[in-house]
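Visitor: Give me a model of this one.
(one chain, ligands or ions: 1)
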Amino acid sequence: MSKLRLGVNIDHVATVRNARGGDNPDPVRAAILAQGAGADGITAHLREDRRHISDDDIVRLSKALTVPLNLEMAATDEMLDIALKARPHAACIVPEKREERTTEGGIDSAGQHNRLAPIVAALVKANIRVSMFIEPDRRQLDASKALGAPVVELHTGAYAHASGAEREKLLEKIRDAAAYGETLGLEIHAGHGLTHDNVKPVAAIAQIRELNIGHFLIGEAVFIGLEESIRTMRRLMDEARA
Ligand code: PXP
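Guide: Numbering: from 1, shown residues only. This next block holds a predicted model:
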């Protein structure tokens, strides 16, 4: 089975920093530490309201990282301008609602084709690898393919928050979407709500090439340190893959 990449999302280091203003803790320092602990990429979401990551963080991350930067962004002209200037390796298009606490659902690639198409096209033209953050649903996979995005990231939040038979059913949906997406020629990523406890069944899905994980890793760092939190995730992913 191919190696599964781990993208570490450092947004919530910035959340803690912003709770007091000032410079500490610095998400760029966390990103460099994450690189050293086995992150294959760093993910950061520059939200419209700048509640965690700032414009300056993106500039500093672009300069400091040796692994690829994945910029999560809403499909707006403002974010497109920023992405075209920052030139991250990848851009993940996410839906954004001001009132939400986190990205609650996938983007509607199917229903919003006309709005999304020029943004995806501009990013692809700039050689930025575009992924659509979607629900694990065949219609959304078809629509992402039609948009010309080479990658989709399957939203695992519903799976992560469910239990018992419901969790198994939602896992099956992710498996189906990953297998179907690969037949369309899409590269498959997944993420949201993943923890040391629930990552293995997702990591075992052969078609998935990358997981993006943030909130749990940063929270767990309070107890065991960021490097250990990431190393444990890496080990669990490798075990699931073996
Ligand atoms: N992938 C995407 C597209 C996201 O928006 C997020 C949350 O910012 C994640 C992955 C990571 O989710 P979590 O922080 O729950 O691990």
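
Visitor: hang on, Ala91 is in a strand, isn't it?
Guide: Yes. Using DSSP: H, G, I helix; E, B strand; the rest coil, the assignment for Ala91 is a strand.

Visitor: Can you tell me how far it is from Ile188?
Guide: 17 Å (C-beta to C-beta, to the nearest Å). Every residue, glycine included, has its C-beta placed from N, CA and C.

Visitor: Between those two, which is the more surrounded one?
Guide: Counted by other C-beta atoms under 10 Å, Ala91 and Ile188 do not tie: Ala91 has more neighbours, with 30 against 25.

Visitor: Now for the more buried one: which residues touch it?
Guide: Ala91 sits next to Asn70, Leu71, Glu72, Met73, Ala83, Leu123, Ile128, Arg129, Val130, Ser131 when contact means C-beta atoms under 8 Å, 6 or more residues apart in numbering.

Visitor: Secondary structure element holding the last one?
Guide: Under DSSP states H and E, the secondary-structure element containing Ser131 is strand 129-134.

Visitor: Could you do the third one as well?
Guide: Per DSSP H and E, Glu72 falls inside strand 69-73.

Visitor: close to the ligand, is that strand?
Guide: Yes. Applying C-beta under 6 Å from any ligand atom, one finds strand 69-73 touching the ligand at Glu72.

Visitor: what residues does that strand touch?
Guide: By C-beta under 8 Å, 6+ apart, strand 69-73 touches 7, 9, 41-46, 58, 61-62, 79-80, 82-83, 86, 88-94, 103, 131, 133, 212.

Visitor: What residues of whichever helix or strand comes after it count as buried?
Guide: Using DSSP H and E, the helix or strand that directly follows strand 69-73 along the chain is helix 77-86. Buried positions in helix 77-86, judged by neighbour count with 16 or more other C-beta atoms under 10 Å: Met79, Leu80, Ile82, Ala83, Ala86.

Visitor: Pick the one among those closest to the ligand.
Guide: The closest of these to the ligand turns out to be Met79 (C-beta to the nearest ligand atom; 13.3 Å).

Visitor: give me every residue that touches that closest one.
Guide: Residues near Met79 by C-beta under 8 Å, 6+ apart: Leu46, Glu48, Met73.

Visitor: What's the local residue count around the nearest residue to Val28 once chain neighbours are set aside?
Guide: Counting by C-beta to C-beta, 6 or more residues apart in numbering, Val28 lies nearest to Arg60, which is 4.7 Å off, once chain neighbours are set aside. Look at Arg60: counted by other C-beta under 10 Å, it has 16 neighbours.

Visitor: didn't Gly36 look like it was pressed against Ile230?
Guide: No. If you go by C-beta atoms under 8 Å, Gly36 and Ile230 don't touch, sitting 9.1 Å apart.
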